[in-house]
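> below are the sequence and a predicted model; questions follow.
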Amino acid sequence: MSKAINKLRIASLLPSTTDICISLGLHKHVVGITHECDFDPSTYSMLKVRDANLSSSDNQPPQPPLTLTVSHIDIHTSSQAEIDDAVKNSVHNGLSLYNLNDTALADAKPSVILTQSLCDVCAVAKSEVDNEVACNFRPGQCKVISLEPESLEEVVDTFVTTAHACGVPERGDELKSKFWEAAKKVQEVVSLSSKRKEGKEKPRIMFLEWLDPPYDDGHWIPDMFAWSGCTSSLDTSQKPTRKSVRILWEQLYDCDPDVVLIGCCGFDLKRNLMDSIQAMDKLKPLRAFREGRIYAADGNLFFARPGPALREGIAILARCAYDDEDIVREALDELSFLPKEGNGWAKVNFPDKEKTQSIPDVEDIVTGDTFFTLHQEACTANEDFYTDPATGYHVFTELAHKKRGKCCGSGCRHCPYNHVNLKDKTMIQQPAFLYEGTTNRNGDTFISPLSSIPPNSHIKVLFFSGGKDSYLTIRRLVKQRLQSNGTDNFHLILLTTYDFETKVIAHQDVHIDTVCRQARHLEIPLLGIPLHRGSGEEYLSRIEKGLDAVRSAIPDVKQLTLVFGDLHLEHIRQWREKELSKYSLEYPLWNVPYTELIDDLESSEVNVVVSASNQNGIGVGTTFSRTLWQDATKMGIDGFGEEGEFHSVAEVWTLRRSRHWG
C-alpha cells in the first residue's frame, strides 16, 4: 500500500459517491459525507470488491465521518408538492437547496473531494465547492473530482474515475466488471420469457420519479429499462433531454403502461408506498391499477443515486415487469442481489375499493380525536408543527403558515389563506372556493362571480349536494328573486361538504368533480368544505370555517342567509334551527307538494339520474321521472327519497344555462 493511499482522506458530497467508496473498500478513508448519506459499511449489502490492504494504523477504529452539508428543506416533513415548489423556486432564483458547511469541511482535511456538476439544485453546487477549496486549502492540498454521468454506462465509468482518483485503479475496473456481469445475468433471465420467444412486445413500464406533479424517468433509468428487458410506455423519441420531465396525468392514461413503478427521487420504500396510496385517485384510471401491477421502490437508493445500487434497480425493474411470468419471476428471485419483496420494493396494496368508496354520514367522517386536537394544542403552545398520528409526518400548523405570509399552493392541511394559490382546487384541505364564477353574460345580478359581488351585499349560501332537491331549490330561488321586483336582492353561492379522502359527497355517492361541473355550467360560485375522516373536528366547526371563507372573499357582507333543500323532515330542520340559530335560514321547498315539484322538474327538462340507492326496485343510473316517483310511492317509500331510500344527481350540463331559469 502506497503512502498516498495511507494518507487518503475522502470528502464525499454525494450519497452515490459514498456508496462507491464503500463498494471500493475505501470506507475507512471517508472523513466527510452529506446529511443524506446512510453511511454504515457494516450493513452495506450492495456490490463490493475486496477490502483494501490497510496499514496497521488504518486498522484502528475509524472516527465517524463529519457531516459536510445542510439542506434548506426537510423532505421527510414536506409533501411532494411542497418539495416541487421549493425546487422550482431554487431554480428560478439560481440557488441550491443544499449548502456546504465550510467549517466542517476544513476540519475534515480531505485530500480528495468527490462532487458533481450535473445538478446545482439537488446537491451542493460545484462552484461552491471550488470556492471553499480555494479559500481554505493550499494549492495541491486537495483535489476536486466532479462526476456528471447521464447514462448508465457513464455511471459505471465513475467507479473507475473514483478509484483512479483515490489511488486504487484496479478496484474501479473490478467493480465495473462485476456490475456489468450482474446486469447480464438479469438479461439472461428475462430471455427465458415465453412472450419474448414468441416475438411479442417487451413489457411496457412507466417509472415515475415524482407523483405531485408527475415526472417521467430520466438520465440512466431508460438504459436500465433495456438491461431489464422492458421498455418505456411513453414515446420518448421527441424528448429533447435525458433529464426527467414533468408529464400530465392524461399522458400517462393515454400511454396505458403494463406496469407502473413508483420510485420518487429521495424517498425510501415506506414513503413511496404511502405517497402512492395517497395518489390512488390519480392512479385509478390506469389498467395497471385494475390489474394490480403498480409497484413502489426505494427510489432514493436503487434509482436516483448514480452508484453501484443501480444493479439492484435493474433487477427490481425486471421483477416488476415480468411478474406475470412464473419462469422469469422464479429465476429472478434466485438472484442473490435482487432485494426480497418488502425490502426495497413491493406491490402497492391499495385500500379495499368497496371500503374506500363507502359513503358515511358527515358526522361519521369527522368523529374521532386525532389531528384536530393535536393542531389546537400545537397552536396554543406556539409551535410550528405537530406529528400526525396516522403517518408519523410533521405537519405545519396554521401559525407556521402565517409566518410564511402567503399560500404556497401545495394544498396544506392547515392553510389559512383559503388555498388561494392551489391550482388543483379539488385537493383543498381547508374550506375554499372550488369555482369562483365567470362574468355573467346574461346580466343576472343574483348570480355573479365573487369578484363582481359588491360590498354590503345579501349573500344566500345554498347547501348543495348536486341532486334534484338542490337543483329545484335553485329554480325556486330564481323565481322568488324575479317575483320580488327588486325587494329581495341577493347573490347566490353554493356550498358542498364532501369526504376529503374519497372526494365523494356523503349519501349522494357523487364525486366533487361532478358538482364542480354543475357549478361551472350554471356559473354559480361553489365553496367546497372537505371533511377529514377521524379528524376530531366537529362538523359545525368546518361549516363555520367555510362561512368565514365567504366573508373573507366578499367585503362587508350585509346579511348571510343559509338555504337548504329540505322537503319535510322535521327533525333535520329542528337540528338546523338549533345549531345554526345565529343565521337567517330558508327552506324554499319546505312542504311544497310533490306534484308541484315533479311538475317543475319536468318543465326544466333537466335529466336527473339515481346516484345511490338501497332499494331493489330502484337501480343506480335509473332516470328519475314522474313514473319512478309514482312507482316509489307504490313501493311504500318516499317518492323523492327524502328519508335516504335513494339519491340523485342533476345533469345540468345537458341543457343550455339559460334554460334552467325557465
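Good, I have the coordinates. Bear in mind the structure is a predicted one, so any value in this text is a computation, not a measurement.
> okay, strands next: where are they in the stretch 1-150 of the chain?
Counting by DSSP state E, counting those that start in this stretch, residue ranges of the strands within the stretch 1-150 of the chain are 10-12, 30-33, 66-67, 69-71, 98-100, 112-116, 143-147.
> now do the stretch 151-300 of the chain
Ranges of strands in the stretch 151-300 of the chain, per DSSP E, counting those that start in this stretch, are 204-208, 210-211, 214-215, 231-232, 259-262, 294-297.
> contacts for the fifth one?
Put plainly, it is strand 259-262. 203-208, 211, 230, 272, 275-276, 283, 286, 288-289, 293-297, 299, 316-317, 320-321, 323, 348 (Cβ atoms under 8 Å, 6 or more residues apart in numbering). Glycine gets a C-beta too; all of them are placed from N, C-alpha and C.
> repeat for the third one
The contact list for strand 214-215 (Cβ under 8 Å, 6+ apart) reads 208-209, 244-249, 252, 282.
> what helices or strands is the helix or strand harbouring Glu596 leaning on?
Mapping Glu596 onto the secondary structure by DSSP states H and E places it in helix 594-604. The elements that helix 594-604 packs onto, with contact taken as 3 or more Cβ pairs under 8 Å, 6 or more residues apart in numbering; DSSP states H and E, are helix 468-483, helix 626-634.
> looking at those, which is closest to Asn99?
The stretch from the helices and strands packed on helix 594-604 with the least distance to Asn99 (Cβ to Cβ) is helix 468-483; that distance is 54.4 Å.
> ok, the helix or strand following that closest one: who's next to it in the sheet?
Next in sequence after helix 468-483, counting helices and strands by DSSP H and E, comes strand 491-499. Counting by DSSP bridges, the strands paired with strand 491-499 are strand 458-463 (parallel), strand 526-531 (parallel).
> in JSON lines, list those strands along with mean neighbour count and distance to Ala81.
Conversion of the strands paired with strand 491-499 to JSON lines gives the following (neighbours: other Cβ atoms under 10 Å; distance: least, Cβ to Cβ, whole Å):
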{"stretch": "strand 458-463", "mean neighbour count": "20", "distance to Ala81": "29"}
{"stretch": "strand 526-531", "mean neighbour count": "24", "distance to Ala81": "16"}
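> tell me which of those strands lies nearest to Ile10.
Where the strands paired with strand 491-499 are weighed against each other on Cβ to Cβ, the nearest is strand 526-531, at 50.3 Å.
> so the helix holding Glu596 versus helix 626-634, what angle?
Helix 594-604 and helix 626-634 meet at an angle of 160 degrees, taking axes from the mean of the first three to the mean of the last three Cα atoms, to 10 degrees as the criterion.
> which parts of helix 594-604 are buried?
If you call a residue buried by 16 or more other Cβ atoms under 10 Å, then helix 594-604 has these buried ones: 594, 597-598, 600-601, 604.
> between those residues, which is nearest Asn418?
Ser604 (32.8 Å).
> quick one: least confident helix or strand in this structure?
For the chain, counting by mean pLDDT, DSSP states H and E, helix 353-357 ranks last in confidence among helices and strands (a mean of 42).
> before we move on, the earlier item: so of the helices and strands packed on helix 594-604, which one's packed in deepest?
helix 468-483 (a mean of 20; mean count of other Cβ atoms under 10 Å).
> now it, how far from the centre of its chain.
In terms of Cα atoms, centre = their mean, to the nearest Å, the gap separating the centre of helix 468-483 from the centre of its chain is 39 Å.
> sorry, back to before: closest one to Ser611 among the strands of the stretch 1-150 of the chain?
Set against Ser611 and scored by Cβ to Cβ, the strands of the stretch 1-150 of the chain come closest in strand 69-71, at 47.3 Å.
> so who does the residue nearest in space to the middle of the chain touch?
Relative to the mean C-alpha position of the chain, the nearest C-alpha, by Cα atoms, centre = their mean, is the one of Asp212, at 4.4 Å. Residues near Asp212 by Cβ under 8 Å, 6+ apart: 79-81, 84, 275, 279.
> do Ile459 as well
Residues in contact with Ile459 (Cβ under 8 Å, 6+ apart) are 453, 490-491, 493, 550, 554, 557, 559-561.
> point out the ones among those residues that are inside helices.
In helices, judged by DSSP state H, the following of the contacts of Ile459 are found: Val550.
> how about a markdown table for the contacts of Ile459, with pLDDT added?
Formatted as a markdown table, the entries for those read as follows, by pLDDT from 0 to 100:
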| residue | pLDDT |
| --- | --- |
| Ile453 | 91 |
| Phe490 | 91 |
| His491 | 92 |
| Ile493 | 96 |
| Val550 | 95 |
| Ile554 | 92 |
| Val557 | 92 |
| Gln559 | 93 |
| Leu560 | 95 |
| Thr561 | 96 |
